[in-house]
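Colleague: Fold the following, please.
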Amino acid sequence: MTGERDLRTLLHGMRPELNPGRYVFTVLPGAEMPTGVAPVVTVAEREGLTLVVPEAQALAAGLPYDFVAGWITLRVHSALDAVGLTAAVSLALTDAAISCNVIAGFHHDHLFVPHARADEAVRVLEALAAESG
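Modeller: Model prediction:
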């Protein structure tokens, strides 16, 4: 179950996949999860519990947000101690002037980019993968 550590292998095999839907970042006003909200990511911070949820769920629960994202999963199984993947992906997206919020899962890295530019971000990452082969 060990993930890949070699940067060239990670980049060449990242296979970016755009998940369907629109996702938003919000913070819970209290400690209780609202009914009907199933976050795809949670992050506990001193200021509150950050959630990444489908936009429709945030709207239905009355949760405030100001950033609508597309969710890209890098399908390569990256090791948590791999060096350089986040930097290389961030640099490629920076060169295209696309903001990116990266969250690492056990198996994959997940990128949240502006929804309106998500398809473009996938193309940038596919080009990076092709260049790395």
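Colleague: Retrieve the pLDDT associated with the residue most central in space within the chain.
Modeller: Nearest residue to the geometric centre of the chain (C-alpha atoms, centre = their mean): L111, 2.2 Å. The model reports L111 with a pLDDT of 98.
Colleague: So in this structure, which strand runs the longest?
Modeller: Longest strand of the chain, by residue count under DSSP state E: strand 16-27.
Colleague: Contacts for that one, please.
Modeller: Residues outside strand 16-27 that contact it (C-beta atoms under 8 Å, 6 or more residues apart in numbering) are 40, 47-56, 58, 63-65, 67-75, 101, 111-112, 115, 118-119, 121-122, 125-126, 129. C-betas here are computed from N, CA, C, even on glycine.
Colleague: Can you flag the buried ones in these?
Modeller: Buried members of these, scored by 16 or more other C-beta atoms under 10 Å, are 40, 49, 51-55, 58, 63, 65, 68-74, 111-112, 115, 118, 121-122, 125, 129.
Colleague: ok, E131 - contacts?
Modeller: Counted by C-beta under 8 Å, 6+ apart, E131 has zero contacts.
Colleague: Let me fix that, I meant to ask about C100.
Modeller: 89-90, 93, 111-113, 121.
Colleague: Where strands are concerned, which of these count?
Modeller: 111-113.
Colleague: can you map out the strands along the chain?
Modeller: 16-27, 41-45, 48-54, 68-74, 101-104, 109-114.
Colleague: Kind regards, and thank you for your time.
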